[in-house]
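Colleague: after the sequence you'll find the predicted model.
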Amino acid sequence: MKKLFLSLVVLAILNACTTKETKNADAAATATTQDPQTGTFTSLDEKSAKVKELLEAYAKNDTMVGHNLYVDTVQVLDLHANNQEGPNDATKVNPGGRSGHLLGDTFVHTLNTSITVTTGPNAIKTFVFADGEIITGYWGTLVGIGRYTKARNTVPLHLLIYWKGDKIVKMYRMWDPAPLKAEIAASQKK
């Protein structure tokens, strides 16, 4: 009798474990069909490494990495105050594609010296979505010393970088423009 009871308990436990795994697998399959934005993420991939290289080159005012990664028609959208174009808060695409974007990036160096960007662990992640879209996210800070104010300018920076193959086709940037505006104002006084 004890052996029969023990066998039934073991069988019930095995069934419960199997049922739970099936439920989890079914839930994951349902989530994928209901939410195309589900997927995986990593920081140890080639695209995350390329973004780290891009940021470090930017800090050195080196545009060659960007020139090689951005498509000619890259769309850059800056998500900051008063940069929306309509009632639905659609963000304006910066003009000029790759050349306009790289020119704007070099302008930051005319306003600041000793620019650094944080690229430590957890700063860069690449997301591969169930629908095939690949986006690399960056969460960090840009720090520079103002050429005109001599202030230490710390700018929180968030990027969403959209890939097609090995090229960057779109980028959303969220950052605080106040330190750059202060440097521009100070440059006009001298």
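Modeller: Noted; the coordinates are in hand.
Colleague: the residue nearest the centre of the chain: which element?
Modeller: Centroid-nearest residue in the chain: residue 137, 1.7 Å away (criterion: Cα atoms, centre = their mean). Using DSSP states H and E, residue 137 maps to strand 134-146.
Colleague: ok, now residue 106?
Modeller: With DSSP H and E as the test, residue 106 turns up in helix 97-111.
Colleague: C-terminal to that helix, what's the next element?
Modeller: For helix 97-111, the following helix or strand on the C-terminal side (DSSP H and E) is strand 112-117.
Colleague: how far off centre is that next one?
Modeller: A distance of 20 Å separates the centroid of the chain from that of strand 112-117, by Cα atoms, centre = their mean, to the nearest Å.
Colleague: tilt between it and helix 97-111?
Modeller: Here strand 112-117 runs at an angle of 120 degrees relative to helix 97-111 (axes from the mean of the first three to the mean of the last three Cα atoms, to 10 degrees).
Colleague: for strand 112-117, name the packing helices and strands.
Modeller: helix 46-59, strand 134-146 (3 or more Cβ pairs under 8 Å, 6 or more residues apart in numbering; DSSP states H and E). All C-beta spots, glycine's among them, are computed from the backbone N, C-alpha and C.
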